[in-house]
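Chemist: let's see this in three dimensions:
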Amino acid sequence: MPKMKTHKGASKRFKVTKKGKIKHYNAGRSHLMSVKSPKRRRNKRHAHVLSNTHARNVAKLMGVRRVPPAPTAPQSKAE
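Modeler: Numbers count the residues shown, from 1 in each chain. Purely as a prediction, here's the structure:
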């Protein structure tokens, strides 16, 4: 079976944090900012973390494994 390809549209819009959460930037920043309240503009400046429901779908598109692998037992040295 061939490898899964990354969805290029998703890879440009989302970033994965070190812990596996998915960050995104808010829509609605391109124009008509004078209509929006200062609090709303301030909150749109920063990246936010996706909810778990949406993050699961985006992780599939990006080929990301969200759950870290279970720790393996330490191997004993055989001498």
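
Chemist: longest helix of this protein?
Modeler: helix 52-62 (DSSP state H).

Chemist: pull out the buried residues from it.
Modeler: Neighbour-count burial for helix 52-62 flags 55, 58-59, 61-62 (criterion: 16 or more other CB atoms under 10 Å). In short, each C-beta sits where N, CA and C put it, glycine included.

Chemist: tell me the one of those residues nearest residue 12?
Modeler: Closest approach between the buried residues of helix 52-62 and residue 12, by CB to CB: residue 62, at 10.5 Å.

Chemist: if we can go back for a sec, okay if I get the buried residues of helix 52-62 as JSON lines plus pLDDT?
Modeler: Listed next are the buried residues of helix 52-62 as JSON lines, based on pLDDT from 0 to 100:
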{"residue": "55", "pLDDT": "91"}
{"residue": "58", "pLDDT": "93"}
{"residue": "59", "pLDDT": "92"}
{"residue": "61", "pLDDT": "92"}
{"residue": "62", "pLDDT": "91"}
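
Chemist: nearest to residue 74, of those residues?
Modeler: The closest of the buried residues of helix 52-62, once distances to residue 74 are taken by CB to CB, is residue 59, at 29.5 Å.

Chemist: leaving out sequence neighbours, find the closest residue to the closest one.
Modeler: residue 66 (4.8 Å; CB to CB, 6 or more residues apart in numbering).
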